[in-house]
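> mind looking at a prediction? Sequence and model below.
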Amino acid sequence: MSDPIILIPALNPGEQLITIITELKEAGFDRIVLVDDGSDSSCDLLFSEAEKKGCILIVHETNLGKGAALKTGLQAAVNVFGDDINVITADSDGQHKTEDILRISYALNYNPEKLILGVRDFSSENVPFRSRFGNVVTSKLFKITSGVSCPDTQTGLRGIPACLIDLALETEGTRYEYEMNFLSEATKRTGLFCVPIETIYEDNNSVSHFRPVQDSIRVYGRFFRFLISSLSGFVVDYAAFALLVGALTGSGTGSQSQAIIYATVLARILSGIVNFLMNKKFAFKSKGNTAMESVRYLTLFFAQMGTSAALVAGLSLFIPAVVSKIIVDTSLFFLSFIIQKRWVFRSSDPSVLPGIPSDPADRQYVKYQDKYNEYHVSDDGVKGGRNVISPMKDDGNKESQSPVAAKQLPVVKIKG
């Protein structure tokens, strides 16, 4: 396999972008895909200079997010160079030195079936607090939810082997959450290979486009949705129990103990149904077979209930029952998240994920599925004839689309 393609997503980059490209060219990286993710017109000269240096430039007319830019660039790389390619993603802000990109390239050559990560040392004094704190939290959460240790979950310097390109194109997300989603999905299919790189933060990382609150919510979105779903189930369980106990006790049918038992069972069934549906539709957004998922969910439900009872009873011999229940149920909560993500609502078999057509002629019309917007890559768009991503309508007729020249980009749909 030839040298990897370098993919650089950029939003309002500085002069260092040209330095990066120049150094990469001098190091032997001749295939560079640059994605302008809706930058200001003040950056036009920079992107024009990058084109003159031989970069393949793709332009988003509006800012679609880093995840969308990465997927646009990956699709472009596939259509231009074929599907048997390795891709290295790097940031445009100067955080990744050419020497480190070379290390990622070497690691890809020797580990062609692993995701390569350039990992930084967050114990360095030059690391901004928000970056250090954010990575620590994200790494711990990633370990809890996936069972995989990753010292730098937020690194933008990654080596994506050919065997993961289809997965990278299919992964959900259009902004910073995309990188975490892809990391999570990739570890289900292959291992990680971490390469230490230099830790660089220019001007206290002031050029970063990462929004601490909004983007953190996106990054941790699935877990937060699971937490909301679990809290909703708890509220339904408690409210239903209170209503049923009152109704059954007031009706005079049976003793109070019987009313409590009936109310507990009925409330738990109702909350279980609500929790299952919220997890399927909201937390994990699963499109799997509902019947099979409900069977797996029930299996986990009863197993978790039995495990909780047994562990609480055992720990209560040494510590108060209330304390033991908090410890046990908190641990089981995180375990339940992992099991539901990996088993109950697991994704389809990776082997049946849509791939890249082997025939170059078919690749001219590859459509990247999206439920929101469709974008067309035109060869005569704006900004000096660059490949421009702009909104269009799709009448479903392939023949009605403008012909696509050899090695040009397809009609692309971008997840929004």
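Sure, I can see it.
> work out for me the element the residue positioned nearest the centre of the chain sits within.
The chain has residue 181 as the residue nearest its centroid, 1.8 Å off, counting by C-alpha atoms, centre = their mean. For residue 181, the host element (DSSP states H and E) is helix 177-189.
> average model confidence for that helix?
Mean per-residue pLDDT for helix 177-189: 86.
> how long is stretch 9-21 end to end?
Terminal residues of stretch 9-21 lie 13 Å apart, using C-alpha to C-alpha, to the nearest Å.
> name the residues of that stretch that are buried.
9, 10, 11, 12, 13, 17, 18, 20, 21 (16 or more other C-beta atoms under 10 Å). Glycine gets a C-beta too; all of them are placed from N, C-alpha and C.
> please, which helix or strand holds the last one?
Following DSSP H and E, the helix or strand that holds residue 21 is helix 16-26.
> now do the helix or strand following that helix: everything it contacts.
With elements assigned by DSSP H and E, the helix or strand that comes after helix 16-26 is strand 32-37. Identification of contacts with strand 32-37 by C-beta atoms under 8 Å, 6 or more residues apart in numbering yields 5-11, 21, 24-25, 43, 47, 50, 54-60, 63-66, 68-70, 72-73, 76-77, 80.
> next, the angle from strand 32-37 to helix 16-26.
160 degrees (axes from the mean of the first three to the mean of the last three C-alpha atoms, to 10 degrees).
> just the CA trace of strand 32-37, in PDB.
Coordinates of each C-alpha in strand 32-37 appear next as PDB, following Å, rounded to 0.1, in the frame of the first residue of the first chain:
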ATOM      1  CA  ILE A  32      -3.400  15.900   1.000                       C
ATOM      2  CA  VAL A  33      -7.100  16.500   1.300                       C
ATOM      3  CA  LEU A  34      -8.100  19.800   2.800                       C
ATOM      4  CA  VAL A  35     -11.700  20.600   3.800                       C
ATOM      5  CA  ASP A  36     -12.700  24.200   4.300                       C
ATOM      6  CA  ASP A  37     -15.600  23.900   6.800                       C
END
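> partner strands of that strand and their direction?
strand 5-10 (parallel), strand 56-60 (parallel) (DSSP bridges).
> how about these, which one is nearest residue 333?
Comparing the strands paired with strand 32-37 against residue 333 with C-beta to C-beta, the closest turns out to be strand 5-10 (35.6 Å).
> enumerate every residue touching residue 338.
Counted by C-beta under 8 Å, 6+ apart, residue 338 has contacts 144, 145, 146, 147.
> mind putting the residues you listed into CSV with secondary structure and distance to residue 246?
Converted to CSV, the contacts of residue 338 look like this (DSSP: H, G, I helix; E, B strand; the rest coil; distance: C-beta to C-beta, whole Å):
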residue, secondary structure, distance to residue 246
144, helix, 39
145, helix, 39
146, helix, 43
147, coil, 43
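> can you tell me which of those residues is closest to residue 240?
residue 145 (29.1 Å).
> re earlier: just give me the closest of the buried residues of stretch 9-21 to residue 274.
Distance from residue 274 was checked for each of the buried residues of stretch 9-21 by C-beta to C-beta. The minimum falls on residue 9, at 39.7 Å.
> surely the closest one touches residue 92?
Yes. Using C-beta atoms under 8 Å, residue 9 makes contact with residue 92 at a distance of 7.0 Å.
> does residue 91 touch residue 158 like I think?
No. Residue 91 sits out of contact with residue 158 when judged by C-beta under 8 Å, with a separation of 10.5 Å.
> neighbour count for those two, which is higher?
Using other C-beta atoms under 10 Å as the criterion, residue 91 and residue 158 rank with residue 158 on top: 24 against 20.
> who's in contact with that one?
88, 89, 104, 115, 116, 117, 118, 179.
> just residue 62 next, same as before
Counting by C-beta under 8 Å, 6+ apart, residue 62 has contacts residue 38.
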